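>>> kindly return the folded structure for what I paste below:
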Amino acid sequence: MLAPGRFVSTHDPCETIADFSGEYALPPLELTVVMPCLNEERTVGICVEKALRTMADLGVLGEVVIADNGSTDRSVEVATEAGARVVLQSRKGYGSALQKGFEEARGKYVIMGDCDDSYDFTDLERYLVELRSGADLVMGNRLKGGIKPGAMPPLHRYFGNPVLSGFLNLLFRTGVGDCHCGMRGLRREAYEALGLHMPGMEFASEMVIKASRAKLKIREIPIVLSPDGRDRPPHLRSFRDGWRHLKLILMYSPSFLFLLPAILLMLFGLLAAPVALLAGYGTYETIFGPNFLIMAAFLAIAGAQLFFLGLIARLQAHRIDPVFASPRVDWLLRVFTLERGLIAGGLMTLAGLGMALPVVAGWISTGAVAQPALWISAGTVTVLGVQTMFGSFLVGVLELQIERSKQR
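Numbering: from 1, shown residues only. From the prediction side, this is the model:
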């Protein structure tokens with residue numbers, strides 16, 4: 001058995017390299033295998049030994065890092081005895097543990113996988129071949145490689161994973177068939193460039209989304225998923241973790257979450273008035289009466305609100321995360337200026353007030369609103385104008401922050 005924390009290769013593990021300062025350092029490693037761990041004493045030793053033996057057989061200079069997330073059993077002791085280097089992560093979560101493991105990794109390449117013995121750590125060579133040939137991210141695909149009986153619940157296999165992977169690909173066009181496979185390999189520099197930070201299971205989706213946005217070279221290899229060797233239920237919670245994945249996908253796509261519904265609502269709301277008038281609007285007996293127009297006004301106002309929320313979300317993503325920076329946002333900032341927004345909003349407000357004046361005059365003189373269609377339309381245009389003016393100010397505040405961040 002290998003000594004705790006030692007790396008393996010066909011070379012002498014105790015070999016050191018002298019730098020020009022006269023100090024000695026460990027030789028650089030080609031591969032680090034990172035495994036998140038929480039109470040896996042039954043299987044962690046098996047996984048560590050498989051990974052170390054495979055690296056030794058391949059002549060790869062590498063190490064196994066166990067990122068322990070607060071185990072209360074003998075996981076740390078078993079992993080250390082098997083030859084792994086154990087690092088501790090106090091912040092709870094699958095993503096948190098993996099981030100700690102990646103931070104501590106010394107290898108040029110990093111392969112991650114669960115230490116429940118569901119993934120085959122004797123299959124490292126195919127990941128290395130792809131990484132050595134230029135891939136930035138190598139994803140395992142369990143759907144193509146095969147899922148053994150009992151390895152994945154039917155709900156996950158036939159609904160959860162296909163739906164979430166399909167939705168993620170619809171929005172981000174990653175081309176990845178199994179977006180939530182837990183065994184994947186990366187170049188360490190590629191990982192560091194992504195700035196991943198999600199603490200839970202949604203870390204898996206975050207990695208794929210950001211890798212796609214960053215135009216990294218992503219490749220897939222078919223792998224086999226086996227039943228895990230645990231004697232307890234898995235840490236994964238179907239609905240809680242499924243919602244976390246879906247929530248992250250939506251939050252990382254403000255155009256789909258905000259702007260698409262905004263455009264549809266505004267189009268319907270703003271086209272409703274001419275449709276109502278052309279349909280002979282004028283009485284409460286027709287379907288295109290005042291109630292229809294009031295509903296359309298609400299939809300148009302809601303659409304405008306969603307539009308500005310989506311614009312703000314897109315600008316914020318552009319500001320705080322380099323992976324989501326886009327030339328289109330820079331173009332938008334040049335076109336959508338505060339001054340233009342104020343002018344457009346001001347003109348809309350004045351137009352709405354102008355439309356309302358004759359209605360108000362008739363209301364004062366007769367005590368009744370003789371033109372409800374014009375009254376509702378005037379109120380809608382006025383509210384949209386006010387929203388546009390103050391929304392433009394808020395966008396202007398974010399634009400100042402973006403310019404400040406560029407100067408740092």
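>>> in this structure, where is pLDDT below threshold?
1-26, 277-287, 402, 405-408 (pLDDT under 70).
>>> longest helix in it, please.
If you go by DSSP state H, the chain has its longest helix at helix 372-407.
>>> show me where the protein has strands.
17-18, 24-25, 29-37, 62-68, 85-88, 107-112, 137-141, 184-187, 218-222 (DSSP state E).
>>> what would those look like in a markdown table with distance to Gly310 and mean neighbour count?
(C-beta placed from N, C-alpha, C; glycine too.) Below are the strands of the chain laid out as a markdown table (distance: least, Cβ to Cβ, whole Å; neighbours: other Cβ atoms under 10 Å):
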| stretch | distance to Gly310 | mean neighbour count |
| --- | --- | --- |
| strand 17-18 | 53 | 10 |
| strand 24-25 | 50 | 10 |
| strand 29-37 | 35 | 26 |
| strand 62-68 | 36 | 27 |
| strand 85-88 | 40 | 18 |
| strand 107-112 | 34 | 24 |
| strand 137-141 | 29 | 25 |
| strand 184-187 | 31 | 24 |
| strand 218-222 | 27 | 19 |
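>>> distance to Val383 for these - can I get that in a markdown table?
Listed next are the strands of the chain as a markdown table, based on distance: least, Cβ to Cβ, whole Å:
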| stretch | distance to Val383 |
| --- | --- |
| strand 17-18 | 70 |
| strand 24-25 | 66 |
| strand 29-37 | 51 |
| strand 62-68 | 52 |
| strand 85-88 | 55 |
| strand 107-112 | 51 |
| strand 137-141 | 47 |
| strand 184-187 | 49 |
| strand 218-222 | 46 |
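>>> looking at those, which is nearest to Ala151?
When those are compared by Cβ to Cβ, strand 137-141 sits nearest Ala151, at 13.1 Å.
>>> contacts for the closest one next, please.
Identification of contacts with strand 137-141 by Cβ atoms under 8 Å, 6 or more residues apart in numbering yields 119, 127, 130-131, 176-179, 181-186, 190, 207-208, 211, 216-223.
>>> please compute how far it lies from its chain's middle.
Distance, stretch centre to chain centre, for strand 137-141: 17 Å (Cα atoms, centre = their mean, to the nearest Å).
>>> give me the angle between it and strand 218-222.
Relative orientation of strand 137-141 versus strand 218-222 (axes from the mean of the first three to the mean of the last three Cα atoms, to 10 degrees): 30 degrees.
>>> returning to what we had before: packing partners for the longest helix of the chain?
helix 260-278, helix 290-320, helix 338-366 (3 or more Cβ pairs under 8 Å, 6 or more residues apart in numbering; DSSP states H and E).
>>> burial measure for Arg147, as a count.
For the record, residue 147 is Ile, not Arg. Neighbour count of Ile147, defined by other Cβ atoms under 10 Å: 18.
>>> list the contacts of it.
With Cβ under 8 Å, 6+ apart, Ile147 has these contacts: 157, 224-225.
>>> of those residues, buried ones?
Those of the contacts of Ile147 that meet the buried threshold are 224-225, by 16 or more other Cβ atoms under 10 Å.
>>> Tyr191: what's it in contact with?
102, 110.
>>> roughly how far does it sit from Asp228?
Distance from Tyr191 to Asp228, counting by Cβ to Cβ, to the nearest Å: 25 Å.
>>> ok, Thr380 next?
From Thr380 to Asp228 the distance is 58 Å (Cβ to Cβ).
>>> related to what we said a few turns ago, same list (the helices and strands packed on helix 372-407) but as JSON lines, adding mean neighbour count and distance to Gln89.
Putting the helices and strands packed on helix 372-407 into JSON lines (neighbours: other Cβ atoms under 10 Å; distance: least, Cβ to Cβ, whole Å) gives the following:
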{"stretch": "helix 260-278", "mean neighbour count": "17", "distance to Gln89": "38"}
{"stretch": "helix 290-320", "mean neighbour count": "19", "distance to Gln89": "24"}
{"stretch": "helix 338-366", "mean neighbour count": "15", "distance to Gln89": "44"}
